[in-house]
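Novice: pasting the structure only:
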């Protein structure tokens, strides 16, 4: 299998700290990056959540609580109830 170089720009301090981390777990940066790439290809997703923080934490908490309540099988909501609740949360 042919190997190619991959050049990536990173913050100098982040690079140094990442090199130190890799060394502390017994690998080099190349091995760590290859492990990351293999994990992405194997799982077909990034190995961490990527999201934009478009709402403040209060809105996320309200939405999460609403989701948990809606998943509670003992309660039933109409489409109108859900839309009204979402409008109240988002404002």
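Specialist: Noted; the coordinates are in hand. As the structure is a prediction and not an experimental result, all values here were calculated from the model.

Novice: For residue 48, which three-state class applies?
Specialist: Of the three states, residue 48 takes coil under DSSP: H, G, I helix; E, B strand; the rest coil.

Novice: Run a quick neighbour tally on it.
Specialist: Neighbourhood size, residue 48 [other Cβ atoms under 10 Å]: 5. In this view, the C-beta of every residue, glycine as well, is placed from N, C-alpha and C.

Novice: What of residue 70?
Specialist: If we define neighbours as other Cβ under 10 Å, then residue 70 has 14 of them.

Novice: pretty sure it is touching residue 77, no?
Specialist: Yes. Contact criterion Cβ atoms under 8 Å: residue 70 and residue 77 qualify, at 6.3 Å.

Novice: mind giving me the domain ranges of the protein?
Specialist: The chain breaks down by automatic domain parsing into domains covering 1-50, 57-90.

Novice: Among those domains, which one carries the weakest average confidence?
Specialist: Of all the domains of the chain, domain 57-90 carries the lowest average pLDDT, namely a mean of 78.

Novice: Do me a favour and get the end-to-end distance for it?
Specialist: 12 Å (Cα to Cα, to the nearest Å).

Novice: How about residue 10: what's its closest non-neighbour residue?
Specialist: residue 18 (7.6 Å; Cβ to Cβ, 6 or more residues apart in numbering).

Novice: wait, what's in contact with the one you found?
Specialist: The contact partners of residue 18, taken as Cβ atoms under 8 Å, 6 or more residues apart in numbering, are 10, 29, 32.

Novice: So which of those residues belong to helices?
Specialist: Among the contacts of residue 18, the members found in helices (DSSP state H) are 29, 32.

Novice: Using TSV, lay out the contacts of residue 18 together with neighbour count and distance to residue 50.
Specialist: Below are the contacts of residue 18 laid out as TSV (neighbours: other Cβ atoms under 10 Å; distance: Cβ to Cβ, whole Å):
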residue	neighbour count	distance to residue 50
10	10	17
29	15	22
32	15	19
